Each structure stands twice: as structure tokens, then as C-alpha cells.
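Enquirer: A structural model of the following input is requested.
(2 chains)
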Amino acid sequence: MTIAGISGVAFTYWFFLMKKEKEVAVSDSVDIIVEGGYNPEVISIPKGKLTKINFKRLDPTDCLGEVVLGDFKIRRELPLNKSVSIEITPQKSGEFVYSCGMNMYHGKIIVK
Amino acid sequence: METKTVSIKGMHCASCVRLIEKAVGKIEGVNSCNVNLATEKATITFDSKSVDDAKISSAVSSVGYEVLKEENQEIEDYEKKTKEKELRDLKTRVIVSLTLGSLILFGSFPGLMEFAPSILKNFVVQLILAIPVQFWAGLPFYRATIPALRHRTANMDTLVALGTTVAFSYSAFVTLFPQVIQGIGVEPLPYFDVATIIIGLILLGRYFEAKAKINTSEAIKRLIGLQAKTARVVREGKEVDIPIEQVVAGDIIRVRPGEKIPVDGVIVEGNSSIDESMVTGESIPVEKSVKDVIVGATINKTGTFLYKATKVGADTMLSQIIKLVAEAQASKAPIQRLADLISSYFVPIVIMLAVATFVIWYIFGPPPAFLFAMLNAIAVLIIACPCAMGLATPTAIMVGTGIGAEHGILIKDAESLEITHKVKTVIFDKTGTLTHGKPQVTDVIPFSVIARSEGGPHSKSGDWQSTTEDRHADARDDVLRLAASIEKGSEHSLAEAIVSEAESKKIKLQPVTKFQAIAGHGVEGKVDSKQVYLGNRRLMEREKVEILNQVQDDIERLESEGKTVMMLATSSRHSKRSEESQLIGLIAVADTVKESAKEGVKALQKMGIEVVMITGDNQRTANAIARQAGIKRVLAEILPDQKEAEVRKIQAEGKKVAMVGDGINDAPALAAADVGIAMGTGTDVAIEAGDITLINKDLKTVAQAIELSKKTMRTIKMNLVWAFGYNIILIPVAMGILYPVFRILLNPIFASAAMALSSISVVSNSLLLKKVKI
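Expert: Numbering: from 1, shown residues only, chains lettered A, B, ... in the order given. Okay, the predicted model is just below:
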């Protein structure tokens, strides 16, 4: 049982906390599917250039009904099965985490 | 009658226009229908009692075209309908799960089951009752968990799905194969009540939370609702009602008593009293007449007037306010960072703790160890409430910024709101902030009569025979003429006072060449052949103008009365001006202190905040104004470009500083301060100039903004303490930490009730901010 328990803890750690983030380079626009999180979860966009991010929510979870890009002062409702476009022109480089309205699901925008 | 504009799809020629106009015109109750081929829009005036959107749509489609809904409206309608549907759906799931769960609980909970009918005690019946709860009412938890696991993420739904699935699966197994459980020495008792009540209570919590959350964002909806729908525009000599979207800058609009002003503009005819409270928070109606600026969405009280639209659509003040509030509500407060960090690891850590709890109880727990292990692991999964942490800061920020907007306090972002509560010193700029910013000429003192031969517009033969009094009056006018002529090109508020005084006396101004404004000193320019200087003592010193003792006495007297004294000097030979300049007069200008200044300053001092006044005026004038406002610390004779350095000096004393200014002339000082507060005079405020923008003249609003920040931060801190404290205390309790000493264990049903209450309490606490008086 002890071994099973240790294995369970180790598996949980590996499964949730050691996943590798796949970064998708975006030049003009990107479609992000909102279903159990954000897919692609990590996008990189150029600094100082307008980028269009189209969120499409397929997941009925209430939590994902809103997306918050706090660093860009954007909070937007994501109606189910509708595409919602958000345009940003980042002026600073860096990593900016965005989340659902309840801060449970996270995505990342890397500005280069 | 209502007027509405709709977009029409499928038009390609003028006959299409006629067809649609005819079809819509036939509807009973439609007064007029004008179709524009170029814009592909139809403007319909109709009686809303007998005509609705459906009738119009069907008339248009009957002739082969389609009415398109505006995209935004369509999304809004869709969102509204979806939310209503979701809430209805949630309510049904709550009712079903709690009803079925209660029946199961009645038949299985010790103390209750003795009174229950035997059918409810039957495990198979309990299984049948539990299935719809687990797999229909609980479906949203699975729907959220499965795609999340695919992305290797987890959230609260994952915890609920895991916990209830374990309880349900074990119970189903016990019901179907009791002998297997008996075989390992455990009494075959199912826990369907645990699975079903947990689902019911968590869904109930979610239902109340969803309803409460709608109220956190109502400020934006209220602001959007302020917008007028139509405008009565004068076109081709006729007044027509058109939708607000069709108003263009330059349109002349008629506003009648009781009507809402459609867009921003300037009155061109008539006057009225206007209630601006909905936009500026100022309760007293403001009198407006020709040339006065008016704001869209405010209400015309008494008169009828015509005004010229200057800002429409997204440029109106209301649109800018809505944008600013929406941005502030979406921004992130620095205090939230810790919650962000923790919440990203929280759910996996809880799952690991649940696994550890199971193992520890299984190995070290009393018999039946398996049951203790399972129930305690479920309790850990269920009690954990990451939502409360996620909601603690944003809900309070949303409510706080919304309340601010209602009081005419626009907060740029959550960070500004957070810093404001730490402010220990408030610096007020004098002109236009503490004072009305509309100075008036109070004294004109000439020292020598200006020679008529030099071409003054008042020159006329025989002046020298005038009486002494006349000559003195003429001399005063001459001082004013020269001063106003040179100030005509200046944008300073004192210049405006001098020019308008000259205009009111119908004094004809002279042409000026080589005009130059010297920052912090005054102005100079050439009038006729003379070089003229108008400014403060510094300018006179620069020009080596001699100031006699008697003049000095006059200056001191005027300054001690709170007046700003400007000195007028001339030089006939520009090339050697410093040798030739002489003082020919004084002009005293006084700006009155705002009625709310004393109270506003007192309110800040009562909060233990030091109040400072900063001004370019000399010390005597500044002291007189400060005295009237009740300010003790005065920074006088500060040039505009030195204000920023003064702000930094006070910051170096270790204080958080708020600088209050008009946001136009003192932008660097506002930017240097920890909190820049831009204060408008009603309608001409430069929104976004500061971290906080106050859109009314009332100086008490500064203290209100700080109070709002304090109250919001207190709510955020309470929410965070509650959200963190709840998890930090109750997760170990659910793990069974109290069992060895007190024999206390947490029933998973109580865990789910606590969890449901946890996020509701955070949202409700944020909503309590609405009750707070600022």
C-alpha cells in the first residue's frame, strides 16, 4: 500500500506538474480552442505588432465562460461554440499568463 | 413611437429599396420606413405596442430579403439567453439531486433511517435513485474533468468528479457484490448519500454563486444602460428622430425638457439645467448655456436647447468611462499574485494529499481502515475550494471599481486601487484643482499714463484736458489694453481672465509681434514699437525692472488677500531692454477657492493624511489660498517643471504620495506620484490622464477615492484570509488530523456544504462593498 501510495503521489506530480509546454509561434492570428483548458496553451507573439487571438469555447464548464488577460486589461465572455476575437498589441516582452474567470485554467502568451 | 435601424441582407438595386419600404410600410402600426441602399439599412418608425422585431423580419423576408441582427447585439442576446438557460438547467439539477439525495439520506443516515420507509432503506433502490444524480446532475463535473485531464490540467470539477465517483463506485460495488466486501471483513454499507448530497450541495453553491456573480459586474451594464437610444436631429431644416448610431459629429440636435442628451456636444442655442449625476456623481444640476459643453447620457431638466454634436460613438465621455471601467475590472491587482501562484499548484497538491490520506488511514487507521481511508480521502477532495481563492480578488475589484464609477471616481486599474489605500500625503495643485481655475481681474493699478501719441486705440485729441479721474480710468484701460493684447496669444488661465476683462470693457486690442511665453515667468511681445513684459517678480528681476517701495506695498497687500499680482513693464528700445524697462502697472487676478475645498481637505486630514498645496504663485498668495482651504503645508513659487521634483522629495520622506491635478498641465507630476489623480471640472476631464480620474468638481471625492480603496482592500484581504484560511485549516481536518486526540472526523457531506459556502461567502463579501458608504 505504501508503494502504491508513493506511486500515486509521484504519478499525480508527474501528470499535472511536469507536463512540457508546447509553444506555438503566432504571427498574425491564432485560434485557441477552449476545452478543458486552452489549446494551444502557450503561444508566442511578436512585440509591438497587432495579434488577433480567436477564442472558441467548446467546453460548457461555467468556469471557462470568461477569459481574463489581466496584463492586457481584457476580460471577455466566451459564449459556448462562438468565436470571440481579442486583439492585442503588446508593448513589452515577457511571459503573460491569462486565465479563466475563476483563475483555474491557465494559458500563456510569450511576447518576443 | 419607436425608431429602429436594422441591417438588411440581399439588396442590390433601387427596386429592392422600394419593395422593402412597401412591405414594411404595410405593417399596421408602422409610421415610416426609409431604406438606404448604400448602407443596407432600414430606419423604421413604428408603434412598439403593435409592431415588434418579428413582424418587421417577416415582412422583409416575405419579399426575399433578410433582417440581420447587429453582431454585438446578437452576441449579447446569445450570452443572455445562454446564461439564463444555464441557470435554469443548474436549478433543475440542484432540485433533482437534492431531492433524490435527501431520500437516500433519509433511508441511510443513522438517526434518520429509523423513521424511513423500508423501500428507501433498500440498497438497490438507493442505487437507482443515485444513478441520475451521479450521471445526469453530476454530468457537468465529468464534462469539465475529461477534457481537462486530456490537457493534463485539473480544477475543482476534477476533485468533485473524483470524490463522488469513488463514493458512488464503492457503493454500487457494495450493493451489487456485498459478499466480496463482507469477505474482507467490512460491513457492506453503501455511501450513495455521500455522492448524491455532495453533488447537490456543490451545484446549489454554484447556483447561488452564479446569481451573485451577475451582480458583481452590474456597474458596466448600468453605464451601458445610460445611453440614449435616439436623437432628434435637425436635418434639412426638419427635426427628425434617428437612432443614436446614425448621429455624426457636427449634427445639430434638439433636446427637450426631461430628455436624455444623446451624445457629447456644445450648446448653440438656448439654455437649461442639466442633471449630470449619472455620469459625474455630482448631485446638483448644472446650469448650461451657449458654448457650454454637455455630456451624452445626462438628463436635460428644464429648458429646450439646440446643440452641436462634437463626440459620437466610441469617442463620447460615457463610452470612454465604460471602456475604462471594463479595463479596470479586467486588470490584475499585485495582491492577487500569491493567489495566482498557489492556485496553479493547488488541485494537483490536493489530489496528492488525498492519496496520502488514503494510504495513511489504510495503514495506520482503526478498523474498518478501508472505509476510514476512503471517506477521509473523499472529504479531502471535496473540502478543497480553489474557487474561493480565484474569486477573492477579482470580485472585490469588480465591485469596487463599479462603485467608484457610480461616484464619478474612475480607477484605471486594480494596481492603482491597491496603491491608493497606502497614500499618506495628498498634494493638490492650486489652480483649477483647489480653486475654480477661472480667475477674474480684481485690481488694475496704473503707475504712469501711457503716451497717447504711441498709437493707443483710445487716443484722441483733447485727452490732456480730461479730469484727473478720467485720466486715471483711461490709464487703467491702457494697462489692461496692453496686458490683454499681449496675453491674447497665451493659454494660461490668468491670461484668459485679463483678455475677458478687456473684452467686457470693450477695449480694442492691439496686434502683437514676437510673442513669447516664458515658463514660470510670464509673457513678452512687441506692441507697436514697444517691448512689453507681463509676468511675476521673477520676470521683472530678469528684466531689471525697478520696483519702488510704494509699489512693493501694493503688491504685498494684494498678495496677502490671496490675489496673484502680475506686473506690466515696457521698454521702448528692445535691443537694450534691460536698461530701459520700466513698470507701468499692476494687474491683480483672484481665483476663488472651491466650496468643497475646506471639507475635502478636512476629510483627508481626518483620515490622518497630510495635505500639501503646490503652486507657481508666490508664497504670500499661496498662503492666503491655503489658509482658506485649511492646508498647512504649502509649496509655493514652484515652476511647472519643478513640480515633479517636489513630488519626489516628499516620496523620499518615505511616504506614498497622491498628486491631484487637472491632468493637462501637471502630467509629469501626476506620473511621478504613486497615485496620479486627475480632476476634471465636470465635463472637460482628461480621462486616462491619471491612475484615478475624478469626473466631478467636488474635492471631497479625493477622500472618497482613498476610502474606497481602503474598503476594497479590506474586502480583498478578508476574502484572501478566508479563502486561504479555509483550505489551510479544513484540509488537515478532513485528513483526520484531529482524530488521534479529539476523535473528530469530517463527514464528506459536511465537507461539501462547507465547500459550497466557501465560494458563496467570498462573492457575498465582495457584494457587501456595495453597502459601504464612501
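
Enquirer: CA only for contacts and neighbour counts going forward, please
Expert: OK.

Enquirer: Chain neighbours aside, what residue packs nearest to the residue in chain A positioned nearest to chain B?
Expert: At 3.7 Å from chain B, residue A:36 is the closest residue in chain A, using Cα to the nearest Cα. Leaving out its chain neighbours, the residue that sits closest to residue A:36 by Cα to Cα, 6 or more residues apart in numbering or on different chains is residue B:148, at 3.7 Å.

Enquirer: contacts for the helix or strand encompassing that neighbour?
Expert: Using DSSP states H and E, the element containing residue B:148 is helix B:139-150. With contacts defined as Cα atoms under 8 Å, 6 or more residues apart in numbering or on different chains, helix B:139-150 is touched by A:35, A:36, A:37, A:59, A:60, A:61, B:154, B:155, B:157, B:158, B:160, B:161.

Enquirer: So for it, what gets flagged as buried?
Expert: By 16 or more other Cα atoms under 10 Å in any protein chain shown, the buried positions in helix B:139-150 come out as B:139, B:140, B:141, B:142, B:143, B:144, B:145, B:146, B:147, B:148, B:149.

Enquirer: near chain A, which residues of the stretch 401-550 of chain B show up?
Expert: Applying Cα under 8 Å from any Cα of the partner chain, one finds that the stretch 401-550 of chain B approaches chain A through residue B:413.

Enquirer: Which residue does the stretch 401-550 of chain B have closest to chain A?
Expert: residue B:413 (7.9 Å).

Enquirer: What's the separation between the closest residue to that residue other than its chain neighbours and residue B:219?
Expert: Nearest residue to residue B:413, sequence neighbours excluded (Cα to Cα, 6+ apart): residue B:328, at 4.1 Å. Distance of residue B:328 to residue B:219, given as Cα to Cα, to the nearest Å: 12 Å.

Enquirer: between those two, who's got more neighbours?
Expert: residue B:328 (28 against 22; other Cα atoms under 10 Å in any protein chain shown).

Enquirer: Can you report phi and psi for residue A:34?
Expert: Torsion angles at residue A:34 (phi, psi; degrees, to the nearest 10) stand at phi -100, psi 100.

Enquirer: Chain neighbours aside, what residue packs nearest to it?
Expert: Once flanking residues are discounted, residue A:34 sits nearest to residue A:57: 4.3 Å by Cα to Cα, 6+ apart.

Enquirer: burial count for the one you found?
Expert: Other residues near residue A:57 come to 25 when the count uses other Cα under 10 Å.

Enquirer: Identify the residues contacting it.
Expert: A:33, A:34, A:35, A:64, A:65, A:78, A:79, A:80, A:81, A:82, A:83.

Enquirer: can you pick the most crowded of those residues?
Expert: residue A:64 (28 neighbours).

Enquirer: quick one: pLDDT of it?
Expert: At residue A:64, the pLDDT value in this model is 88.

Enquirer: Shouldn't it be within a helix?
Expert: Yes. The assignment for residue A:64 by DSSP: H, G, I helix; E, B strand; the rest coil puts it in a helix.

Enquirer: quick one: the residue in chain B that chain A sits nearest to from residue B:741, how far?
Expert: Nearest residue of chain B to chain A: residue B:148, at 3.7 Å (Cα to the nearest Cα). As judged by Cα to Cα, residue B:148 and residue B:741 stand 39 Å apart.

Enquirer: Let me see the ranges of the helices in the stretch 301-450 of chain B.
Expert: For the stretch 301-450 of chain B, the helices defined by DSSP state H, counting those that start in this stretch occupy B:317-330, B:336-364, B:369-383, B:386-406, B:414-420.

Enquirer: if we can go back for a sec, mind checking pLDDT for the residue nearest to residue A:36?
Expert: At residue B:148, the pLDDT value in this model is 86.

Enquirer: Write out the residues of chain A neighbouring chain B.
Expert: Proximity of chain A to chain B, by Cα under 8 Å from any Cα, involves residues A:1-2, A:5-6, A:8-9, A:12-13, A:15-17, A:19, A:35-37, A:59-61, A:68-75, A:79, A:101-106.

Enquirer: Go again with 7 Å.
Expert: Neighbours of chain B within chain A, by Cα under 7 Å from any Cα of the partner chain: A:1-2, A:5, A:8-9, A:12-13, A:15-16, A:35-37, A:61, A:68, A:70-71, A:73-75, A:79, A:102-104.
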